[in-house]
Every structure is written in structure tokens, then in C-alpha cells.
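*Asks:* Curious how this folds, go ahead:
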Amino acid sequence: MENDQPSLFGLSVDQESAATLKSAAQWGKVLAVLGWILGGLVLLFGIVAYIKITHTYRGSGFAVRSAETGALRALIVCILFSSILVTGAIFTWNFSNRTNTALDTTDQYSLNSGLSSMKSGMIFWAIIFIVFILLMLLAFLGIASSNS
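*Replies:* This is a model prediction of the structure:
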């Protein structure tokens, strides 16, 4: 049986496509750097808030331990968000570098690698978005089912 799918082996990148990819790669670098900065700031915020809360409520008693437990949970959430931001930024950085290399050297392998990094980054963000949507739905269900 004959395969009716068109072949992409003759596909080439023209000047307009190359310029668009180059611009996307440059913006990708900006986005990656901003992701790293934001990830670092979120982590720094979590650490500073944890230290501030634990030093403010230093002592004994149930309220103090509750505050310290809450501060630790907030720090863990900040570490998680920071990790998510940095991971997304790494995918974007890899896309940018590999795509720029491909366009500068007309290397097909680098272009494929760059586009693969972009695909992996999109899959990563899709999974993160799905998880957060599910968490929000669970939170709404919890709020709706509570008796006040």
C-alpha cells in the first residue's frame, strides 16, 4: 500500500523563516534570563521569609511551632516554583542557542535539536498547566463542599 503523506525531506528555511526563527531565538534568550532571575527572586523571597518568620516567632508554644511549620511549607512552595521557572528557562535557553547555531552555520542537526528543545519546553509547560488546573479544581471542590 502506498503512503500518501507528503515528504518533508526537501523542506528548506528561506530568508523570511530564518529571520523569524532568529528573532524568536533572541526573544527566547530574553525570556530564559528573565525566568532565571524570577526563579532566583522567588527562592530568595522564600528563604528570607522563612528566616524572618522563624526569628520573629522564636520561642516555645503551639503558635510558634505552627508559624514555623507554615514558614517551612511556604519555603517548600517557593523552592518548587523556583525549580519550575528555572527548568522552563533551561528549555527556552537551549532552543535559543541551538537555533541560533543552526541559522549561523546552516547545520540541520542543530536546528532539529533546537526545535526539539522547544517541543520539550512546551510539553513541560503543558504538564505544569494541567497539574495547576487540576489543583485549582480540587481547591474549588473543597471550598464548595465545606460547611460554613
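
*Asks:* drop to CA atoms for contacts and neighbour counts, all remaining ones
*Replies:* Will do.

*Asks:* what residue ranges in this structure score low on pLDDT?
*Replies:* Residue ranges of the chain with pLDDT under 70: 1-10, 59-63, 148.

*Asks:* Can you name the next helix or strand after the longest helix seen in the chain?
*Replies:* Counting by DSSP state H, the longest helix found in the chain is helix 62-105. Following helix 62-105 in sequence order, the next helix or strand is helix 108-145 (DSSP states H and E).

*Asks:* Next, the buried residues of that next one.
*Replies:* For helix 108-145, the neighbour count (16 or more other C-alpha atoms under 10 Å) marks 110-111, 113-118, 120-121, 125 as buried.

*Asks:* Give me the angle between that helix and helix 62-105.
*Replies:* Angle, helix 108-145 to helix 62-105, by axes from the mean of the first three to the mean of the last three C-alpha atoms, to 10 degrees: 150 degrees.

*Asks:* Figure out how far helix 108-145 is from the centre of its chain.
*Replies:* Relative to its parent chain, helix 108-145 has a centroid offset of 9 Å by C-alpha atoms, centre = their mean, to the nearest Å.

*Asks:* Stretch 82-92 now?
*Replies:* For stretch 82-92, the distance to the chain centre is 4 Å (C-alpha atoms, centre = their mean).

*Asks:* what residue lies at the spatial centre of this protein?
*Replies:* Gly88 (2.8 Å; C-alpha atoms, centre = their mean).

*Asks:* does that residue really touch Phe124, like I thought?
*Replies:* Yes - at 7.3 Å, Gly88 counts as touching Phe124 under the criterion of C-alpha atoms under 8 Å.

*Asks:* any idea how far Val33 is from Thr69?
*Replies:* 33 Å (C-alpha to C-alpha, to the nearest Å).

*Asks:* Those two: which has the busier surroundings?
*Replies:* Between Val33 and Thr69, counting by other C-alpha atoms under 10 Å, Val33 is the more crowded of the two (17 against 14).

*Asks:* Return the angle between stretch directions for the one helix or strand that one maps to and helix 108-145.
*Replies:* For Val33, the element it lies in under DSSP H and E is helix 15-56. Here helix 15-56 points in a direction 50 degrees away from that of helix 108-145 (the same axes, to 10 degrees).
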